[in-house]
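**Student:** My questions concern the predicted model and sequence given below.
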Amino acid sequence: SDDMELNVTYIILDGYVDLEKYRALYFVIIFTAFVVIICSNSTIVWLILIHKNLHEPMYFFIAALLLNSILFSSAFYPKILLDILSEKQVVTYSTCLFQWYLAICKPLQYPTIMTKTRVNVLLTVAWTVPGFQCIITPLAATQKKLCNFISRGIICNSTTHKLLCFPSAALKNWGLFILLNSVFVPVIFNCFTYIHIFITANRRGLETRKKAMRTCLPHLIVLFNYFCLSSFDVLLFILYHPLFNPFIYGMKMKKISTHLSRLCPAKVNNSSEPGQM
């Protein structure tokens with residue numbers, strides 16, 4: 001066992017500023033954010049699951065997105081909280097790699113097009129393809145030798161490449177491919193789709209335009225935030241999406257906000273109309 005311990009490679013996470021001075025403040029902020037993320041995302045997912053009028057493809061995809069936020073946050077926040085309370089902020093290289101580790105234009109045909117089978121296929125692809133893409137990088141990185149053991153951050157991310165003795169062109173190219181495939185291509189595709197939606201809605205009059213805007217606005221906000229923050233490998237990325245996505249969908253999607261208002265009887269919600277999205 002001593003030989004096994006000697007073979008374990010540790011990385012020092014050196015991204016905390018004046019940790020001794022601000023330890024309590026860091027812990028309160030991160031712990032509060034984690035609790036809010038888990039509670040808010042779980043609430044929306046729970047509402048979608050228990051209310052039959054939310055058993056529609058769009059809401060299933062929202063539930064999958066928010067469930068992903070719960071799992072994503074659970075991989076980062078407990079370790080960050082543990083590091084804040086610890087005297088030394090270290091992580092094993094293997095753990096570090098492991099941690100690094102998507103209806104308007106055709107409304108009448110929508111139920112026919114978005115069958116349960118198609119929804120299940122899309123959800124499966126949305127979970128497995130990104131997972132497959134991401135797992136290749138840490139598997140390849142395990143074969144490389146480390147020469148630097150201090151990471152200028154508080155989480156393990158793509159900057160781990162900088163710890164390698166020799167820069168890997170293959171890993172860098174693969175990382176670029178993932179960035180293009182998971183950020184820029186989906187954003188371009190979604191922008192094209194929304195342009196088509198708004199052109200179609202514009203031809204159908206003012207009421208259709210308003211409905212299109214009410215339905216698409218939350219998605220556009222999330223899409224814009226995802227593109228902006230995904231372009232930068234920063235701490236905001238692990239904080240913003242899991243924290244604000246449930247509030248964006250909870251407040252802007254009328255069917256969801258209607259059920260949320262019933263959980264808070266004191267809240268007066270005059271903007272919701274039964275049956276509207």
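**Tutor:** Everything's here; your move.
**Student:** any idea how far the spatially closest residue to Cys165 that is not a sequence neighbour is from Asn120?
**Tutor:** Leaving aside its sequence neighbours, Cys165 sits nearest to Cys147 (CB to CB, 6 or more residues apart in numbering; 3.8 Å). C-beta coordinates here come from the backbone N, C-alpha and C atoms, glycine included. Counting by CB to CB, to the nearest Å, the gap from Cys147 to Asn120 is 46 Å.
**Student:** Please apply the same query to Ile150.
**Tutor:** Taking CB to CB as the measure, Ile150 falls 45 Å from Asn120.
**Student:** same deal with Leu54?
**Tutor:** Leu54 is 17 Å from Asn120, where distance means CB to CB.
**Student:** before we move on, back to that, tell me the contacts of the residue nearest to Cys165?
**Tutor:** Leu163, Leu164, Cys165 (CB atoms under 8 Å, 6 or more residues apart in numbering).
**Student:** Give me the pLDDT for Ile104.
**Tutor:** For Ile104, the pLDDT comes out at 53.
**Student:** Averaged pLDDT, stretch 210-223. What do you get?
**Tutor:** The average pLDDT within stretch 210-223 is 79.
**Student:** scratch that, stretch 149-162
**Tutor:** 69.
**Student:** do stretch 135-143 as well
**Tutor:** Per-residue scores along stretch 135-143 average to 74.
**Student:** Ok, stretch 168-188 next?
**Tutor:** Per-residue scores along stretch 168-188 average to 77.
**Student:** Between its first and last residues, what's the separation in that stretch?
**Tutor:** For stretch 168-188, the first-to-last residue distance is 29 Å (CA to CA, to the nearest Å).
**Student:** May I see the buried residues of that stretch?
**Tutor:** Of the residues in stretch 168-188, Ser168, Leu171, Ile178, Ser182, Val183, Pro186, Val187 count as buried by neighbour count, 16 or more other CB atoms under 10 Å.
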